[in-house]
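Q: Below are the sequence and a predicted model for it; my questions follow.
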Amino acid sequence: MLTAEQIRSFETDGFLVLEGFVPTERCERLRTHTEGLLRRIDPAESTTVFTTGGTQNRDDYFLESGDRIRFFWEAEALDGEGNLTRPKELAVNKLGHAMHDLDPEFESFSRQEGLAEVAHDIGLAEPLIVQSMYIFKQPGIGGEVALHNDHSFLWTEPMSTYGMWFALEDATTENGCLWALPGGHKLPQRARFRRVPGGGTALEEWGDPYPTDGLVPLEVPAGTLVLLDGMLPHGSEPNRSERSRHAYTLHLIDAGSEWPADNWLQRPPEFPFRGFRP
Ligand code: FE2
């Protein structure tokens, strides 16, 4: 699926941009389907917001979402009492984290033609999809995502974490596109997010912060697939524009690696991680 040059580029930079991977009609179909899901959510279900930065002590609503489909609000969409200040469809930060196994439309998108081959090409002998997220990056209030690598949050021994990031809408510096540090996947690991005894989670950090010099914006049209090495530092700025920046992401690990019991995301034995084959 990938050329030798693309694989070399991925290994050098820690990311690879594949424009036109998904037909735009398919992106539109997923957006329309997701609009339907948003219409059916009950805002009374939760006041949990998703923000990054700080110690990131997540609540049970978040920690129980590894085998469900739950929604998380944008911080700026709630007032001091936890009431929505805008229509729910324009207030959700993201959906997660098991759409790829629970929702037929997401399942078929996540297991579309070509992805298993791409996963194989970037080095996954036996890929498992551990999580899916639909990220809205809402107009005006889409929250910043602090510079991080995905392995900190989805740890494996040895490191075998990779991301697939699908632009469902055009992503630009105006509406909060991804930024990445080319080659930064070769820097040492400097953080780990995990469950802590007694409940909740914490982000432990050590060593030097990632350098921000050299970060590049990944401005991409809808239909682009961005592959991300689990060690690659990346993030995104707030969206202060009038345009949303919807994206769908999958995170993969290799079945041959160990998934620690204190990773935040856990599945019950009867609902294990699966790969790309039905
Ligand atoms: Fe990430």
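A: That came through fine.
Q: any idea how far the closest residue to residue 162 other than its chain neighbours lies from residue 118?
A: Nearest residue to residue 162 in three dimensions, chain neighbours excluded: residue 252, at 4.8 Å (C-beta to C-beta, 6 or more residues apart in numbering). Yep, even glycine has a C-beta here, placed from its N, CA and C like the rest. Separation of residue 252 from residue 118 (C-beta to C-beta, to the nearest Å): 10 Å.
Q: These two - which one has more neighbours?
A: When neighbours are counted by other C-beta atoms under 10 Å, residue 252 and residue 118 differ, and residue 252 comes out ahead with 26 against 23.
Q: Report the contact partners of residue 234.
A: 15, 147-149, 178-181, 228 (C-beta atoms under 8 Å, 6 or more residues apart in numbering).
Q: how does it look with 6 Å?
A: 178, 180 (C-beta atoms under 6 Å, 6 or more residues apart in numbering).
Q: who's it bridged to?
A: residue 148, residue 180 (DSSP bridges).
Q: What does the pLDDT read for it?
A: As predicted, residue 234 sits at a pLDDT of 98.
Q: how far away is it from residue 13?
A: On the measure of C-beta to C-beta, residue 234 and residue 13 end up 11 Å apart.
Q: what do these two both touch?
A: In contact with both residue 234 and residue 13: no residue, using C-beta under 6 Å, 6+ apart.
Q: Just give me the longest helix of the protein.
A: The residue-count maximum for a helix in the chain (DSSP state H) belongs to helix 24-40.
Q: Pull the CA coordinates from it and hand them back as PDB.
A: Extracted in PDB, the C-alpha atoms of helix 24-40 (Å, rounded to 0.1, in the frame of the first residue of the first chain):
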ATOM      1  CA  THR A  24     -14.800  13.000   0.400                       C
ATOM      2  CA  GLU A  25     -18.300  11.400   0.200                       C
ATOM      3  CA  ARG A  26     -17.200   8.900   2.700                       C
ATOM      4  CA  CYS A  27     -16.100  11.700   5.100                       C
ATOM      5  CA  GLU A  28     -19.400  13.400   4.600                       C
ATOM      6  CA  ARG A  29     -21.300  10.200   5.300                       C
ATOM      7  CA  LEU A  30     -19.500   9.800   8.600                       C
ATOM      8  CA  ARG A  31     -20.100  13.400   9.500                       C
ATOM      9  CA  THR A  32     -23.800  13.100   8.700                       C
ATOM     10  CA  HIS A  33     -24.000   9.800  10.800                       C
ATOM     11  CA  THR A  34     -22.300  11.600  13.700                       C
ATOM     12  CA  GLU A  35     -24.800  14.500  13.500                       C
ATOM     13  CA  GLY A  36     -27.500  11.800  14.100                       C
ATOM     14  CA  LEU A  37     -25.600  10.500  17.200                       C
ATOM     15  CA  LEU A  38     -25.300  14.000  18.600                       C
ATOM     16  CA  ARG A  39     -29.000  14.700  18.100                       C
ATOM     17  CA  ARG A  40     -29.700  11.600  20.300                       C
END
